[in-house]
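Visitor: sequence first, then the predicted structure, then my questions.
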Amino acid sequence: ADDASPVSLEVITAIGEDDWPRARFRFHPALECLSLSSKLTQYRAQVLARTSAALTDDTSHEQLVLENGALFVAVERRASGAVFFEELTEDEHTVLSRLRSGMTLGEACAKITEGDPPLAEWFQRWMSHGWIVAIEIGGVAPASEDRAQEALK
């Protein structure tokens with residue numbers, strides 16, 4: 001997928017507390033959220049361990065097991081071609097998927113039934129991965145950092 005620059009910290013900090021519920025997010029075009037019915041990451045770890053053991057001439061022939069169960073992941077194909085994935089909680093997956101579909105932050109979080117989601121923790125991680133590329137408040141999509149600052153005042 002195309003590469004996209006992450007939203008700047010200046011844009012994030014310029015958003016007023018009362019504006020966050022109306023915020024709409026744009027995410028990196030290479031980001032996908034998946035809901036799987038098998039614990040694929042555990043299976044992948046087993047495969048990698050077996051591959052590593054084979055390289056050291058370990059003769060372990062332990063059976064690989066693919067367990068059934070819900071698994072929520074974010075997957076991104078990076079510009080280098082490498083595929084990055086991270087496990088998410090069900091609530092984080094729900095909020096991230098809803099935000100990616102165009103819901104406002106208020107709408108995406110209103111449907112979470114299990115207490116207050118740890119949004120600050122999630123946003124910090126999403127920002128560190130470069131997943132958030134734009135934030136719009138009330139339909140305003142500033143074209144530049146300067147215009148973003150003006151629109152958020």
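Guide: The structure has been received and is ready for your questions. Residues are numbered from 1 along each chain as shown.

Visitor: which stretch of helix or strand covers Ala134?
Guide: Counting by DSSP states H and E, the element that carries Ala134 is strand 132-137.

Visitor: buried set for that strand?
Guide: For strand 132-137, the neighbour count (16 or more other C-beta atoms under 10 Å) marks 132-137 as buried. Where C-beta positions appear, they are placed from N, C-alpha and C, glycine not excepted.

Visitor: quick one: it to chain centroid distance?
Guide: 14 Å (C-alpha atoms, centre = their mean, to the nearest Å).

Visitor: and what of stretch 5-12?
Guide: 16 Å.

Visitor: buried ones in that stretch?
Guide: 6-7, 11.

Visitor: could I get the full set of helices for the protein?
Guide: 9-14, 40-55, 90-100, 105-110, 119-129, 145-152 (DSSP state H).

Visitor: looking at those, which is nearest to Leu31?
Guide: When the helices of the chain are compared by C-beta to C-beta, helix 90-100 sits nearest Leu31, at 7.4 Å.

Visitor: greatest separation within the buried residues of strand 132-137: which pair is it?
Guide: So, the buried residues of strand 132-137 by C-beta to C-beta: farthest apart are Val133 and Ile137, at 15.2 Å.

Visitor: how far does stretch 71-86 sit from the chain's center?
Guide: With C-alpha atoms, centre = their mean as the basis, the mean position of stretch 71-86 lies at 9 Å from the chain mean.

Visitor: only alpha carbons, please: show it as CSV.
Guide: C-alpha atoms of stretch 71-86 as CSV (Å, rounded to 0.1, in the frame of the first residue of the first chain):
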residue,chain,number,x,y,z
LEU,A,71,-7.9,-13.5,18.0
PHE,A,72,-7.9,-9.8,17.2
VAL,A,73,-5.0,-8.3,15.3
ALA,A,74,-3.9,-5.2,13.4
VAL,A,75,-1.8,-6.0,10.3
GLU,A,76,0.2,-3.5,8.3
ARG,A,77,2.4,-4.1,5.3
ARG,A,78,5.2,-1.6,5.7
ALA,A,79,6.9,0.3,2.8
SER,A,80,9.9,-2.1,3.1
GLY,A,81,7.5,-5.0,2.3
ALA,A,82,7.7,-6.4,5.8
VAL,A,83,4.4,-7.4,7.4
PHE,A,84,3.9,-6.1,10.9
PHE,A,85,1.1,-7.4,13.2
GLU,A,86,0.0,-6.8,16.7
